[in-house]
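Novice: Sequence and predicted model, in that order:
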Amino acid sequence: MKIGLIGAGWIGQHTQKETTMNIGFIGAGMIGKAVSTQLAKAGHDVLISNSRDPETLTETFEPLGISVGTPAEAAARDVVFVAVAWRDIPAALAGVDLSGKILVDTNNPIIMPGFTRADTGGKTSSEVIEDLAPGAKVVKAFNHMLSTSYDEGPTVDGAPKVLFHSSDHDDAHAVAAQLIEDVGYVAINLGGLVTGGVLHESPGALAGRVFVEPAAAK
């Protein structure tokens, strides 16, 4: 089902990639693999890591043009994605210095098995990430669709899909929007982590659905 979306703030659409970004991924699960693969195909310099030895990732990721390394090496990149299961986030970010980094939060506060919402103490999931990564410029993005939706590509019947981003930092918004556009999607700015994040984190109103650019929806 294609859903056109109106009434949101647009960030520039389908711009040509202006610069190669140095990107690290903490987490190599389904979302991490899907998004890192698209970013590497778009020409970005991507390194991915997990909680185990980097050699466990070599066979899967190096043929895709993605370097493998440790979480510390991923955190040293200019832009860092955290893409791990919710229960594993505290351990994944422990001891990793992300101060001053743009940290892309692709996560949802869901406990598996059972698909139940985690207790976040009344905060959005990205606010919890902020607490775990002091000094980082957190932007929530690449989180509202299933990994299979990324694997199917950035369009539906020729209409570009929409990805959302929310942050309290203008530069983090700009980077997220550029990365979204670099991989062929339309970027929509939903505002701050609280007002916007609650909309596109699961089980928010926008989570788990595929939206397309209104002008292209048929």
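Specialist: Nice, I can see it. Numbering: from 1, shown residues only.

Novice: ok, the closest residue to Val96 other than its chain neighbours - how many residues close by?
Specialist: When the adjacent residues along the chain are set aside, Val96 lies closest to Ala75, with 4.6 Å between them (Cβ to Cβ, 6 or more residues apart in numbering). Where C-beta positions appear, they are placed from N, C-alpha and C, glycine not excepted. For Ala75, the count of nearby residues is 22 (other Cβ atoms under 10 Å).

Novice: shift numbering so it begins at 16
Specialist: All right, first residue 16 from here; so that's Ala90.

Novice: Show the contacting residues for Ala90.
Specialist: Contact analysis of Ala90 by Cβ atoms under 8 Å, 6 or more residues apart in numbering lists 39, 41, 111-113, 116.

Novice: One more: Thr73?
Specialist: Taking Cβ under 8 Å, 6+ apart as the criterion, Thr73 is in contact with Val83.

Novice: gap between the residue nearest to Val111 and Ser181?
Specialist: From Ala90 across to Ser181, the span is 22 Å (Cβ to Cβ, to the nearest Å).

Novice: chain center to stretch 181-190, what's the gap?
Specialist: Relative to the centre of its chain, stretch 181-190 is centred 13 Å away, using Cα atoms, centre = their mean, to the nearest Å.

Novice: Ends of that stretch, what's the gap?
Specialist: End-to-end distance for stretch 181-190: 11 Å, by Cα to Cα, to the nearest Å.

Novice: Show me what counts as buried in it.
Specialist: Of the residues in stretch 181-190, 181-184, 187-190 count as buried by neighbour count, 16 or more other Cβ atoms under 10 Å.

Novice: repeat for stretch 107-124
Specialist: For stretch 107-124, burial by neighbour count (16+ other Cβ under 10 Å) applies to 107-108, 111, 113, 116-124.

Novice: Can you give me the neighbour number for the closest residue to Gly212 other than its chain neighbours?
Specialist: In space, and not counting its chain neighbours, Gly212 is closest to Thr139: 4.1 Å by Cβ to Cβ, 6+ apart. Other residues within reach of Thr139, judged by other Cβ under 10 Å, total 24.
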